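> need a 3D model of the sequence below.
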Amino acid sequence: MYAVIREKDKQYRVSEGQEILIDRVNSSEGELVEFENVLMLSGSDTETKIGSPEIDGARVLAEILCHERGPKVHTVRFKGPSQTTIGHRQNYTKVKIKEIHPDWGVENGS
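So this is what the prediction gives:
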């Protein structure tokens, strides 16, 4: 089973046991995080449910493993006879997907 979730305007395809990097979450290591913005669920070859825009009642539970920083990205800007070098490192949170709760029976508006 896999799901497509939306977290901070980015979409991730996740399955149980998978470890992914997402944008920094303000929680400490070892805590559980629940993602409620589930856009799509697929259980097997025949079962696929697509939300409009989200699936009501579906949840993805993940555990925060650690907080990391990405590689440094250098940007050089040339303006006139001079140049400016800027560096940036993105903050990430590494999470492990524990459970996907589909709640197939819950329908929109009920």
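> show me what the lowest-mean-pLDDT helix or strand in the chain is in contact with.
In the chain, no helix or strand scores lower on mean pLDDT, DSSP states H and E than strand 48-50, which sits at a mean of 84. When contacts are defined by C-beta atoms under 8 Å, 6 or more residues apart in numbering, strand 48-50 is touched by residues 39-42, 55, 102, 104. Using the backbone N, CA and C atoms, a C-beta is placed for each residue, glycine as well.
> which residues of the protein fall in strands?
Per DSSP state E, the chain has strands spanning 2-7, 10-15, 19-23, 32-35, 38-42, 48-50, 59-69, 73-79, 82-88, 91-101. These are given in chain order.
> how about those strands in a markdown table, adding mean neighbour count?
Rendered in a markdown table, the data for the strands of the chain read as follows (neighbours: other C-beta atoms under 10 Å):
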| stretch | mean neighbour count |
| --- | --- |
| strand 2-7 | 20 |
| strand 10-15 | 15 |
| strand 19-23 | 15 |
| strand 32-35 | 14 |
| strand 38-42 | 20 |
| strand 48-50 | 12 |
| strand 59-69 | 16 |
| strand 73-79 | 8 |
| strand 82-88 | 9 |
| strand 91-101 | 17 |
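> what's the least confident stretch among these?
By mean pLDDT, the lowest-scoring of the strands of the chain turns out to be strand 48-50, with a mean of 84.
> strands paired with it, and their directions?
The strands beside strand 48-50 in its sheet (DSSP bridges) come out as strand 38-42 (antiparallel).
> starting at the chain centroid, how far to the strand it pairs with?
With C-alpha atoms, centre = their mean, to the nearest Å as the basis, the distance from the averaged C-alpha position of strand 38-42 to the chain average is 13 Å.
> what do you get for stretch 73-84?
In terms of C-alpha atoms, centre = their mean, the centre of stretch 73-84 is set 33 Å apart from its chain centre.
> what of stretch 31-40?
Taking C-alpha atoms, centre = their mean, the mean C-alpha location of stretch 31-40 is offset from the chain mean by 8 Å.
> stretch 33-51 now?
The gap between the average C-alpha position of stretch 33-51 and the chain average comes to 14 Å, counting by C-alpha atoms, centre = their mean.
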